[in-house]
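> Okay, sequence plus prediction incoming.
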Amino acid sequence: MFRFDFDIDDAEEQGDLQHDTPGTSQDVVESGSASQAAVKESAEHSIEDLLSNHPPSISFSPLSIRTSSRNADSLTLARRDLFDARFQLISSEPDDSAQAGVESPSEDALGFLDAPSDLVPGIYEGGLKTWECSIDLAECLHERLGDDPGGRLREKKILELGCGTAVPSLYVLHQLLSAPPPVDNAQETSVVLQDYNELVLRLVTLPNVILTWYMSPASLRFRASFQPSTTDPEVEEEPLPPADPTEPGSLPFSPQLIAAFLASLEEHRISIRFFCGSWEAFDVERAGGPFDVVLTSETIYRPESLPALVRVMREACARERAGGLEEETARMAIRDGADVGEGADAVPYLCLVAAKRVYFGVGGGVAEFVKAVEQYSRATGTGVASSYSQEVSARAKVETVWEFTEGVKRIVMRVLW
């Protein structure tokens, strides 16, 4: 048996998530899980598809993200409880799924809920749980965006690879939905969420997105005007919870709420797209790329998957636009004095990777990721420079932008192609 050195489960399984004090629990990975996983065809799923056969309500708990390294300031997001997602999957009736046009859960899909591992190769890649590096990435992103993060993210294209519970993208959406709606001629802000498992997108990713909207100022109009759908005193309808992400609660998924959520996205000119499948099959152009912001966390644990991940990241990073770069985008990318050129030669993207330095037992880690970037760069003639490998070219490098050195060591890297 291998040991997969992830050190926290969801808060509902181990109490409050102490992100800056790593625990000691280890998740078992069965021998062979580090081998080649099956290549799964990439498929897009609409919001309407993912909401088909949705539960009447979902339970949620708070998740805290530090917004200052110097004090205790924090931002609280709401995310769906893991036990609630599991219950929905277990209680799914094949007849109900068939009537809704949804493929019923397979025995393999149900089986991973009881497996001792958080990885079942070719079936499940751990996306139902919230892993700590996703929180690191959200905190690092907040630091790099500086003042007015919502304004700096507006009209950008954002991609999260291996999103799972999508904490970094929830941070992005919180900032966008907390700002006033843009003017009529504003360009669309695009958020693309990709995960290996369609079930993960259905059970946690989209519910977390809806929770983020509900807890934001963008849902105020809906909350203020909400009326129960029934006037029958014998029918008990679940009331709306307070828009307070610091307290656990339950959110009813009524047709009115879904309609208001979709209307809010349109008003804020936000497009959210969902893709499942392997990175080997992921088409960046089809997903709307290239992108201004590329994010991924806890995805470099399996060396065999790194070439595909690196290829997608490189193709996803925005190229120079005709007529010169947007100054705002370039400034975001080269914040804190990155040595990547100025003016028209500046890098017009922000590409961040959050991970543990070493994933014991499965072979992956920071050194293996940098090696994969180096191999890809040599094969494509771009080169790579980093603190872990010999410099090949000054135009591409991997650099550390955030680091946690106590207990299980964690890092956030920026990739400059």
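Cool, the structure landed.

> Find the residue closest to residue 169 in space, skipping its chain neighbours.
Excluding its sequence neighbours, the residue lying closest to residue 169 (C-beta to C-beta, 6 or more residues apart in numbering) is residue 160, at 4.6 Å. Bear in mind the C-beta positions are built from the backbone N, C-alpha and C, glycine included.

> and the one you found, how far is that from residue 228?
Per C-beta to C-beta, to the nearest Å, residue 160 is found 36 Å from residue 228.

> Residue 250 and residue 271: what is the separation?
For residue 250, the distance to residue 271 - C-beta to C-beta - is 28 Å.

> swap in residue 375?
34 Å.

> can you tell me the distance between the two ends of stretch 354-372?
In stretch 354-372, first residue to last residue: 15 Å (C-alpha to C-alpha, to the nearest Å).

> got the buried residues for it?
Within stretch 354-372, the residues that count as buried by 16 or more other C-beta atoms under 10 Å are 354-356, 358-359, 361-362, 364-366, 368-372.

> ok, so of those, who is nearest residue 308?
The nearest member of the buried residues of stretch 354-372 to residue 308, counting by C-beta to C-beta, is residue 372 at 9.6 Å.

> any idea which element the closest one lies in?
helix 366-380 (DSSP states H and E).

> Give me the mean pLDDT for that helix.
The average pLDDT within helix 366-380 is 89.

> List the beta-bridge partners for residue 358.
residue 365 (DSSP bridges).

> Can you give me the distance of it to residue 417?
For residue 358, the distance to residue 417 equals 25 Å [C-beta to C-beta].

> ok now do residue 245, which residues does it touch?
Residue 245 sits next to 60, 62, 63, 76, 77, 78, 211, 215 when contact means C-beta atoms under 8 Å, 6 or more residues apart in numbering.

> Sort out for me which of the residues you listed are in strands.
Using DSSP state E, the subset of these located in strands is 60, 62, 63, 76, 77, 78.

> Neighbour-wise, give me the winner out of the residues you listed.
With neighbours defined as other C-beta atoms under 10 Å, the most crowded of the ones in strands among the contacts of residue 245 is residue 78; it has 28 neighbours.

> Double-check that one against residue 64; I have them as touching.
No: look at residue 78 against residue 64 with C-beta atoms under 8 Å: they stay out of range, at 11.0 Å.

> and residue 1, what pLDDT?
As summarised for this prediction, residue 1 has a pLDDT of 34.

> what about residue 257, is that helix, strand or coil?
Secondary structure assignment for residue 257 (DSSP: H, G, I helix; E, B strand; the rest coil): helix.

> How about it, nearest residue that isn't a chain neighbour?
Per C-beta to C-beta, 6+ apart, closest to residue 257 is residue 222, 6.9 Å.

> Helix or strand: which one has the one you found?
Going by DSSP H and E, residue 222 is part of helix 220-225.

> Output that helix as CSV, nothing but the C-alphas.
Provided in CSV are the C-alpha atoms of helix 220-225 (Å, rounded to 0.1, in the frame of the first residue of the first chain):
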residue,chain,number,x,y,z
LEU,A,220,-29.9,40.5,-2.7
ARG,A,221,-32.7,41.3,-5.1
PHE,A,222,-33.8,37.7,-5.2
ARG,A,223,-33.6,37.3,-1.4
ALA,A,224,-35.6,40.5,-0.8
SER,A,225,-38.3,39.5,-3.2
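
> Check what contacts it and list those residues.
214, 240, 243, 256, 257, 260, 264.

> let's see 7 Å
If you take C-beta atoms under 7 Å, 6 or more residues apart in numbering as the criterion, helix 220-225 is touched by 240, 243, 257, 260.

> in it, what counts as buried?
Buried, per 16+ other C-beta under 10 Å, within helix 220-225: residue 222.

> Which neighbours in the sheet does the helix or strand harbouring the residue nearest to residue 169 have, and how are they oriented?
With secondary structure defined by DSSP H and E, residue 160 is part of strand 157-161. Partners of strand 157-161 in the sheet, by DSSP bridges, are strand 189-195 (parallel), strand 293-297 (parallel).

> picking that back up, make JSON lines out of the contacts of residue 245 and add distance to residue 139 and pLDDT.
Compiled in JSON lines, the contacts of residue 245 are given as follows (distance: C-beta to C-beta, whole Å; pLDDT from 0 to 100):
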{"residue": "60", "distance to residue 139": "21", "pLDDT": "97"}
{"residue": "62", "distance to residue 139": "16", "pLDDT": "97"}
{"residue": "63", "distance to residue 139": "12", "pLDDT": "96"}
{"residue": "76", "distance to residue 139": "13", "pLDDT": "96"}
{"residue": "77", "distance to residue 139": "12", "pLDDT": "97"}
{"residue": "78", "distance to residue 139": "17", "pLDDT": "97"}
{"residue": "211", "distance to residue 139": "19", "pLDDT": "98"}
{"residue": "215", "distance to residue 139": "18", "pLDDT": "98"}
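
> which of those lies closest to residue 177?
residue 215 (8.9 Å).

> The residue lying closest to the closest one once chain neighbours are set aside and residue 214, how far apart?
The shortest distance from residue 215 to any non-neighbouring residue, by C-beta to C-beta, 6+ apart, is to residue 245 (4.5 Å). Distance of residue 245 to residue 214, given as C-beta to C-beta: 9 Å.

> circling back to that earlier point, just the buried members of the contacts of helix 220-225?
Buried, going by 16+ other C-beta under 10 Å: 240, 257, 260, out of the contacts of helix 220-225.

> Quick one: those residues as CSV, columns for pLDDT and distance to residue 189 too.
Shown next, in CSV, are those (pLDDT from 0 to 100; distance: C-beta to C-beta, whole Å):
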residue, pLDDT, distance to residue 189
240, 93, 27
257, 95, 22
260, 97, 19
